[in-house]
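Engineer: have a look; sequence and predicted model below, questions after that.
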Amino acid sequence: MATIVEKTLKNGGKRYLAQITRRGHMKPETRTLHTRKEAERWAHKREKEIDEQINAGIKPLKRSTQRRTLSDAISRYLAEDRRGMGKTKKQVLETIRDEYQISKMAYHQITSSDISNFADQLWQRPKVDSPATVNCIPSTPLRQIGMFC
């Protein structure tokens, strides 16, 4: 069951904070809406989605996380790198982001078979003739952005 809290703004207006919690499954998820009815509607709909994910054995994720793609993660990594990235590493990440279908996938849904298919696609590139290149390229950038340990 969601909790709905009425918040009073400095100008006297009201907003409604809906909070959903599922112990042991996720961090609380909140959203602020203009009316209590909107907050109740959002909470009911979102609770139903979360319960369906839990019942299917899937860890519930926030909607914003569900929409993030590998391309988003790579772009953020490139923008936030403070250590000074080498030209080759930057070029490899940009190529993955711009040219490969795997970058369009939500990163929480990428499986080992997707990475294997990506490696197969790398073999099709001109001048790729070393197994070390194919084995290294998929894992290194993905590990750098926190997908693999």
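Structural biologist: Structure's in. What do you need? Residues are numbered from 1 along each chain as shown.

Engineer: shaky segments in this structure?
Structural biologist: 61-67, 82, 127-149 (pLDDT under 70).

Engineer: what comes up buried for the helix ranked longest in the chain?
Structural biologist: Under DSSP state H, the helix in the chain containing the largest number of residues is helix 36-55. For helix 36-55, burial by neighbour count (16 or more other Cβ atoms under 10 Å) applies to 39, 42-43, 46-47, 50, 53. C-beta coordinates here come from the backbone N, C-alpha and C atoms, glycine included.

Engineer: can you check stretch 112-131 too?
Structural biologist: Residues of stretch 112-131 classed as buried by neighbour count (16+ other Cβ under 10 Å): 115, 118-119, 121-122.

Engineer: show me how far that stretch is from its chain's centre.
Structural biologist: Averaging C-alpha positions (Cα atoms, centre = their mean, to the nearest Å) puts stretch 112-131 24 Å from its chain's average.

Engineer: check stretch 29-41 too.
Structural biologist: So, by Cα atoms, centre = their mean, the centroid of stretch 29-41 is 24 Å from its chain's centroid.
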